[in-house]
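A.B. asks: Make a model of this:
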Amino acid sequence: MENWRLENMLPLKSQQLDVLLAKAQCQVGVYEFYEKQGEPDVTISNTGSLYARKTMKGSLKLAPFGSVQICDMSKMAKNACVLQVQGRTETFVVAPPKADFKKGSGSFVPFHLLKHADDGNESAGNMEKVQVKHEKMTIPVYKNKRQIDEGTELLLEPLPVTIQFDNGKKQAIPKSLLEESLGKTWLRLRPTSREICNLLCGSMCKLGKNPTFVGSEKLKELKAKRQAALKAHGHGELEAQESMFDEEKEVEQPKKKMRLDAAAITIDVHGTEVHVLAAAKRATLSDLQIELDPNQLSAAFLFLKPDCTKIFNEIPKSEAANVEHED
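C.D. replies: Down below sits the predicted model:
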């Protein structure tokens, strides 16, 4: 074999050597970091749930342990343990070791077994993810948010609600846009919410710094449908007293808005029955709240979507900037 070919096959000539060295350094760092944290005082049940073995007033930390791998971002699992490495562009993840609890073989690493609390049980989430610096790496760690008593199940907060519409990107919905009432979850169609604008209009929202759906005529139509349904059920808005005049100046009488207990009403949106929550305060002015149901949300979103082009291309920025947030 020619010498130049042999030289190119030498390990130090390999273009992958730099990546392999970085991977090896991450691997050593993960082991050292786990050893520094020590074994956590937790146990596991037959159903795979983690429990505290003793009362912990201080900090309980669950650190990752396993083999470091280089992963393709597009194929990475949502719950992957990703290491942030200074000066590197590769995606390094910690793959959990195998464990057979029946045979008592493998490695028991609580970090990789921690579960999320069920939806609607946010108070049960007593653990949270934090990022901890270790040398040139930033390592994800789970720690307790408050004191944990002996025998308490360890749980993360419920997974965030995500919604996808019209083959667009999945949008995480903040808690402020979700309402729990009457045994169901409702989505607030708050027109000044970036998340709502992203769901409805996708990339069009990039046309402005503060995307808003305030100018939507379609949204006004849905609110009008809600108002009509409220009146049909005997919850009509109280009539405001007319303004009275005296000889010197106009005296305006305060408008009275309807107040009622929370109730679910039904409106028709292009042939689909959509359940709308009438909030317990100022129902005629509050954000439109629709049941978190795929079919109902799709019907409402399809009804609103035609306004996207008009809103983001025609409404002056000054008009949108002066609109106040709805309660």
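A.B. asks: got the contact list for the residue lying closest to Glu32 once chain neighbours are set aside?
C.D. replies: Among residues not flanking Glu32 along the chain, His134 sits closest, at 7.6 Å (CB to CB, 6 or more residues apart in numbering). Glycine gets a C-beta too; all of them are placed from N, C-alpha and C. With contact taken as CB atoms under 8 Å, 6 or more residues apart in numbering, His134 is in contact with Gly29, Glu32, Phe33, Lys36.
A.B. asks: ok, what's across the strand from His134?
C.D. replies: On the basis of DSSP bridges, His134 takes part in beta bridges with Met137.
A.B. asks: same thing with Ile70?
C.D. replies: Judged by DSSP bridges, the bridge partners of Ile70 are Phe92.
A.B. asks: so how far is Arg226 from it?
C.D. replies: Separation of Ile70 from Arg226 (CB to CB, to the nearest Å): 52 Å.
A.B. asks: now Ala99: how far from Asn3?
C.D. replies: 50 Å.
A.B. asks: So between the two, which is more surrounded?
C.D. replies: For Ala99 and Asn3, the more surrounded residue by other CB atoms under 10 Å is Ala99, and the numbers stand at 15 against 7.
A.B. asks: Burial check on the closest residue to the more buried one other than its chain neighbours, number of neighbours?
C.D. replies: Leaving aside its sequence neighbours, Ala99 sits nearest to Gly106 (CB to CB, 6+ apart; 3.7 Å). Gly106 has 12 neighbours, counted by other CB under 10 Å.
A.B. asks: show me the contacts for Gly106.
C.D. replies: Gly106 makes contacts with Pro97, Lys98, Ala99, Asp100, as judged by CB under 8 Å, 6+ apart.
A.B. asks: can you give me phi and psi for it?
C.D. replies: Per-residue torsions, Gly106: phi 90, psi -160 (degrees, to the nearest 10).
A.B. asks: now do Ile267
C.D. replies: Main-chain torsions, Ile267, degrees, to the nearest 10: phi -120, psi 160.
A.B. asks: Quickly list what it is bridged to.
C.D. replies: Beta-bridge partners, per DSSP bridges, of Ile267: Val274.
A.B. asks: I figured it hits Lys223, correct?
C.D. replies: No. Here Ile267 lies out of contact with Lys223, judged by CB atoms under 8 Å, at a distance of 9.8 Å.
A.B. asks: More neighbours: these two, which one.
C.D. replies: A count of neighbours by other CB under 10 Å puts Ile267 above the other of Ile267 and Lys223, at 23 against 19.
A.B. asks: what sits against the more buried one?
C.D. replies: Neighbouring residues of Ile267 by CB under 8 Å, 6+ apart: Leu222, Lys225, Arg226, Ala228, Ala229, Glu273, Val274, Val276.
A.B. asks: Out of those residues, which sit inside strands?
C.D. replies: Glu273, Val274, Val276 (DSSP state E).
A.B. asks: from those, which is closest to Glu180?
C.D. replies: Proximity of those to Glu180 (CB to CB) peaks at Val276, which lies at 15.5 Å.
A.B. asks: I figured that closest one hits Ala264, correct?
C.D. replies: Yes. Contact criterion CB under 8 Å: Val276 and Ala264 qualify, at 7.2 Å.
A.B. asks: what helix or strand does Tyr231 sit in?
C.D. replies: One thing to correct before we go on: residue 231 is Lys, not Tyr. Following DSSP states H and E, one finds Lys231 within helix 217-232.
A.B. asks: Output the contacting helices and strands for that helix.
C.D. replies: Secondary-structure packing of helix 217-232 (3 or more CB pairs under 8 Å, 6 or more residues apart in numbering; DSSP states H and E): strand 263-269, strand 272-278, strand 288-291, helix 294-304, helix 307-314.
A.B. asks: try it again with 7 Å
C.D. replies: Contact partners of helix 217-232 among helices and strands, from 3 or more CB pairs under 7 Å, 6 or more residues apart in numbering; DSSP states H and E: strand 263-269, strand 288-291, helix 294-304.
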